[in-house]
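Enquirer: Sequence plus predicted model, see below.
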Amino acid sequence: MIIIGAGRVGGALASAAIEHGVRTTLVDRASGWQALQTGSGPILVTTRNDDLPEIVGRVPSHRHADLVFVQNGMLRDWLREAGLSNCTRGLLFFAVAERGAPIEAGESSPFTGRHAAALVEFLTRLQVPARVVQPREFALVELEKLAWNTAFGLLCERFDVAVGAVVEQHSDLMNELLEELVTVGEVALQLRLTEPERRQLLQGIVNYSRSIPGYRGAVKEWRWRNG
């Protein structure tokens, strides 16, 4: 597995791979790029969203189809403009508290696209839950995570509280904002939710927030979320 990005997430994955005897090449800003010149197989991009144009520009064009994007936020427009709409995508549901810290596995991370199975195999060998999903299921999870990041980042900053307090003390505003965001996101992701899907998605956001009541969201990566 080739991993681009030696930051918090990429570094943790590379360290876990070494621990479990999984062969991995870690590419950082200064080294490892020669590994992209030949061969095939997935290239996992773990950099920040704003670094994506530079990263893709350094990857040989014949390897673009092997790129795997796991960034949060609204990537679809950018991927389409960059000619990368058919690349594999994933959403990571695990935590790395700080650079150098181990992976704290959460729920199963979904992947869709040509290299989805390879990524699931890789993460499973690292004891990180992952699963292959169809494009529609991925879009539903994508919408849920995007709405959560956007709404709770804004509300946590507005009221200077953690997510648990948003759910318990500002539920009316939270529900109104989530309904609005899901409606807008549904159009942007070209989804047509059934009423049960909408209820399940909104309840999933609330349930997740209650599971991490002390987490404090923030407005960040404006272009990719609240923007």
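Expert: Yes, it's here.
Enquirer: so where do the helices sit in the chain?
Expert: All helices of the chain, identified by DSSP state H, fall at 8-19, 52-58, 76-81, 116-125, 135-159, 163-169, 171-188, 195-211.
Enquirer: ok, Val206 - how many residues close by?
Expert: 17 (other Cβ atoms under 10 Å). Quick note: C-beta positions are derived from backbone N, CA and C, even for glycine.
Enquirer: What residue, apart from its backbone neighbours, is nearest it spatially?
Expert: Spatially, and ignoring its direct neighbours in sequence, Val206 is nearest to Val167 (6.0 Å; Cβ to Cβ, 6 or more residues apart in numbering).
Enquirer: Thr88 now?
Expert: Per Cβ to Cβ, 6+ apart, closest to Thr88 is Gly113, 3.2 Å.
Enquirer: Same check on Leu143?
Expert: When the adjacent residues along the chain are set aside, Leu143 lies closest to Gly185, with 4.7 Å between them (Cβ to Cβ, 6+ apart).
Enquirer: Sketch out the low-pLDDT regions of this protein for me.
Expert: Within the chain, the segments meeting pLDDT under 70 span 227.
Enquirer: Show me how it divides into domains.
Expert: As assigned by automatic domain parsing, the chain contains the domains 2-132, 135-224.
Enquirer: what sits against the closest residue to Val166 other than its chain neighbours?
Expert: Nearest-residue entry for Val166: Leu155, 4.7 Å, with adjacent residues in sequence omitted and distances by Cβ to Cβ, 6+ apart. By Cβ atoms under 8 Å, 6 or more residues apart in numbering, the contact list for Leu155 reads 166, 170, 173-174, 177, 217.
Enquirer: Out of the helices of the chain, the one nearest Gln34 is which?
Expert: Closest to Gln34 of the helices of the chain, according to Cβ to Cβ: helix 52-58, at 11.4 Å.
Enquirer: Now do the buried residues in the closest one.
Expert: 52, 55-56 (16 or more other Cβ atoms under 10 Å).
Enquirer: right, and Asp28 touches Ile3 too?
Expert: No: in this structure Asp28 lies outside contact range of Ile3 using Cβ atoms under 8 Å: 9.6 Å.
Enquirer: between these two, which one's more packed in?
Expert: More crowded of Asp28 and Ile3, by other Cβ under 10 Å: Ile3, with 24 against 16.
Enquirer: Surely that one and Leu44 touch.
Expert: Yes: using Cβ under 8 Å, Ile3 makes contact with Leu44 at a distance of 4.8 Å.
Enquirer: circling back to that earlier point, any idea how far the residue nearest to Leu143 lies from Asp172?
Expert: Separation of Gly185 from Asp172 (Cβ to Cβ, to the nearest Å): 20 Å.
Enquirer: likewise Ser211?
Expert: From Ser211 across to Asp172, the span is 21 Å (Cβ to Cβ).
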